[in-house]
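In: Here's my sequence, what's the structure:
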Amino acid sequence: MNLVSTDGVVDSSITTDDNGNYAVHLTAPQKLDQSKGLQETLQVSLKSSDDGDMSSSVQVTASPDKASEIALSDNSFVAGKQGEIKGEVKDQYGNLALPTTIQSTATDGSIDQSVLSDNQGQFTLHYTAPQKLDQSQGIIQKTNLSFGFNNVTKNNVLSLQPDALSKISLNKAKPIVVGEKATITGVAQDQYGNKVLDGTTITESAKNGTISNGTDTSNGTFSFDYQSSTKVGSDALTIGSGDSTVTLSDSLTTVPDVASKAVITVPSNLQVGQTTTISGTVTDQYGNVVSNAPITLSGALTGSATTNANGQFSLSANVVQSGSISANVGGSSVTLTNSTGQAITSVSAVSAITSAIPSVQTFNNVGVGQQALVVTYNGIVKYSDKPFSIPLTNVSNGNYKIVVHILDSSNPKMGLQTGFTNGQGAYTGIYFTKGGFNSWSGWSSINNEYHWTTLTIGPWTSGNTSTDWVKISTVEIIKIS
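Out: Numbers count the residues shown, from 1 in each chain. The predicted structure follows:
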């Protein structure tokens, strides 16, 4: 008989034995049609070569070979997340295998230890990825899953990737000088400290400064340019990706620029050879105070000090002379101004004369308008000085006026008091100030009516302080009649 099979391979012909029995050898196909199930029904037809009308057919069920391969539909997981791993069990020819018990283990994370594939050759495993990834070989970690069945072990590679951005750390260098630009680098991480995926877009914004030229992540690292403001202090940054943002308070610190100006207070009553207190504040070009800065004065005033935490200083300066002054902070020149911003480039100082006896000249037989007596002082009369007296014995009789030449004073109220006295303690005097009246006429005759015998000169102390002074050149007695 001749044999024909719709699937597989059969003997082309067979011969019956004496009893009419026969045996057929069928080789099933390697690849089964599993559209209707895991097993395929094969149709074998037999036709007699002796009698063309005699034929028959038989159905044979073909099953897949034993399981030998595993195929996974998903091999990527996020750190710390739980999910399902779906797969199929196949035989050596790629046919889905009959229900098979699969033993599974994971190198990293946890997985169901055992599962049975279903009637479709499929299975589902529950897997939990580890929180902390090993990123020494790259951002995405490769880990092994091992499956055992039918005395066969198969390994599959699973990809573990980091979670979404949750943490930002900046690699901060030294503090940034106000008004300058610096490149800042940082590391973006997920909630478990894993570096985020390469190519993650990072956005940055600053409360005070401005940001530009930001980069996407590469090996978890990103960078941006930070332009600081002109204000000293700390700046808060907001950094994120998508819906995930991180606010870093006090993340960047700006410090003052180099010292550029010193706002100082200079006393008005400077006296050569003495010391005076100079106080002030050192700032940079933007007005930020500069702390712990050594300031040195030179020229007409000399001295040095170091600013405190608020940029302030107070120094005891030597008054060398009248003239120009300059200052430097840390070896660099700075501008000196007063509190209103007016530049201070020089100071005036007077020679300090204390309790000096003035030079006196007396002229006899003088006419009207002529000097009868001249007291030459050319110095300072201080608040604390005692009055001194000059005898009038060589001054002829007549009416006289007193003229005082005042050059300068510590304040508008400070002046000089002059007058005549007699032996009985009688006194008549007048107060002279700079800018006020400086002469007096109509005095009674010397040595006659009031018998004035002495000219008294001294400081006017009413309404003044112990540091006040008046600088005079001469005091004159001039005849008026």
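In: now stretch 408-422: mean pLDDT?
Out: Throughout stretch 408-422, pLDDT has a mean value of 75.
In: Quick one: distance of it to the chain centre.
Out: Relative to its parent chain, stretch 408-422 has a centroid offset of 59 Å by CA atoms, centre = their mean, to the nearest Å.
In: ditto for stretch 400-420
Out: Distance, centroid of stretch 400-420 to centroid of chain: 60 Å (CA atoms, centre = their mean).
In: how far does the helix or strand containing residue 239 sit from the chain's center?
Out: In this assignment (DSSP states H and E), residue 239 forms part of strand 233-241. Chain-centre distance of strand 233-241: 10 Å, with CA atoms, centre = their mean.
In: Please apply the same query to stretch 372-390.
Out: Worked out by CA atoms, centre = their mean, stretch 372-390 lies 62 Å from the chain centre.
In: Walk me through which strands the helix or strand harbouring residue 42 pairs with, and which way each runs.
Out: If you go by DSSP H and E, residue 42 is part of strand 40-47. Using DSSP bridges, the strands paired with strand 40-47 are strand 2-5 (antiparallel), strand 55-62 (antiparallel).
In: what's the least confident stretch among the ones you listed?
Out: Among the strands paired with strand 40-47, strand 2-5 scores lowest, at a mean of 64.
In: which residues of the stretch 151-300 of the chain fall in strands?
Out: 152-161, 167-171, 176-177, 181-189, 203-206, 210-212, 221-227, 233-241, 244-255, 261-265, 271-272, 275-283, 294-299 (DSSP state E, counting those that start in this stretch).
In: Lowest mean pLDDT across those, which one is that?
Out: strand 271-272 (a mean of 82).
In: Can you tell me the closest non-neighbouring residue to residue 111?
Out: residue 127 (4.7 Å; CB to CB, 6 or more residues apart in numbering). Placement of C-beta: from N, CA and C, glycine included.
In: per-residue confidence averaged over the strand or helix carrying the one you found?
Out: Assigned by DSSP H and E, residue 127 belongs to strand 122-128. The average of the pLDDT scores along strand 122-128 is 94.
In: Toward the C-terminus, what is the element adjacent to that strand?
Out: Taking DSSP H and E, what comes next after strand 122-128 is strand 141-149.
In: For that following strand, what is the distance to the chain centroid?
Out: For strand 141-149, the distance to the chain centre is 49 Å (CA atoms, centre = their mean).
In: what's the average pLDDT for it?
Out: 92.
In: which parts of that strand are buried?
Out: 141, 143, 145, 147, 149 (16 or more other CB atoms under 10 Å).
In: hey, what's the third one bridged with?
Out: Right, residue 145. residue 106, residue 156.
In: and residue 67, which of the three is it?
Out: Under DSSP: H, G, I helix; E, B strand; the rest coil, residue 67 falls in the coil class.
In: Read off the pLDDT value for it.
Out: In this prediction residue 67 is given a pLDDT of 90.
In: I'd say it and residue 151 touch.
Out: No - using CB atoms under 8 Å as the test, residue 67 is too far from residue 151 to be in contact (10.6 Å).
In: of the two, who's got more company?
Out: residue 67 (26 against 6; other CB atoms under 10 Å).
In: Nearest residue to the middle of this structure?
Out: residue 253 (2.0 Å; CA atoms, centre = their mean).
In: Output the lowest mean pLDDT helix or strand found in this structure.
Out: strand 439-440 (a mean of 41; mean pLDDT, DSSP states H and E).
In: after it, next one along is what?
Out: Assigned by DSSP H and E, the successor of strand 439-440 is strand 454-460.
In: contacting residues around that next one?
Out: 358, 373, 375, 381-392, 402, 414-422, 427, 429, 431-433, 470, 475, 477 (CB atoms under 8 Å, 6 or more residues apart in numbering).
In: Could I have the CA atoms of that strand written out in CSV?
Out: The C-alpha trace of strand 454-460 is given here as CSV (Å, rounded to 0.1, in the frame of the first residue of the first chain):
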residue,chain,number,x,y,z
THR,A,454,45.9,144.7,82.0
LEU,A,455,44.8,143.1,78.7
THR,A,456,43.4,139.6,79.4
ILE,A,457,43.2,136.9,76.7
GLY,A,458,41.7,133.4,77.1
PRO,A,459,39.3,130.8,75.7
TRP,A,460,35.6,131.3,75.7
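In: So in that sheet, which strands flank it, and in what orientation?
Out: In the sheet, strand 454-460 lines up against strand 388-391 (antiparallel), strand 415-421 (antiparallel) (DSSP bridges).
In: so after it, what's the next helix or strand?
Out: Next along the chain from strand 454-460, counting by DSSP H and E, comes strand 469-479.
In: which parts of that following strand are buried?
Out: 469, 470, 471, 472, 474, 475, 476, 477, 478, 479.
In: Tell me which residues touch the third one, please.
Out: Translated: residue 471. Going by CB under 8 Å, 6+ apart, the list of residues near residue 471 reads 350, 379, 380, 381, 406, 407, 408, 409.
In: Next, the buried residues of stretch 287-299.
Out: Buried residues in stretch 287-299 (16+ other CB under 10 Å): 288, 289, 290, 291, 293, 295, 296, 297.
In: meant to ask about stretch 337-351
Out: Under 16+ other CB under 10 Å, the buried positions of stretch 337-351 are 337, 344, 347, 349, 350.
In: In TSV, list the residues you listed along with distance to residue 26 and pLDDT.
Out: Below are those laid out as TSV (distance: CB to CB, whole Å; pLDDT from 0 to 100):
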residue	distance to residue 26	pLDDT
337	111	96
344	116	95
347	123	92
349	128	84
350	133	74
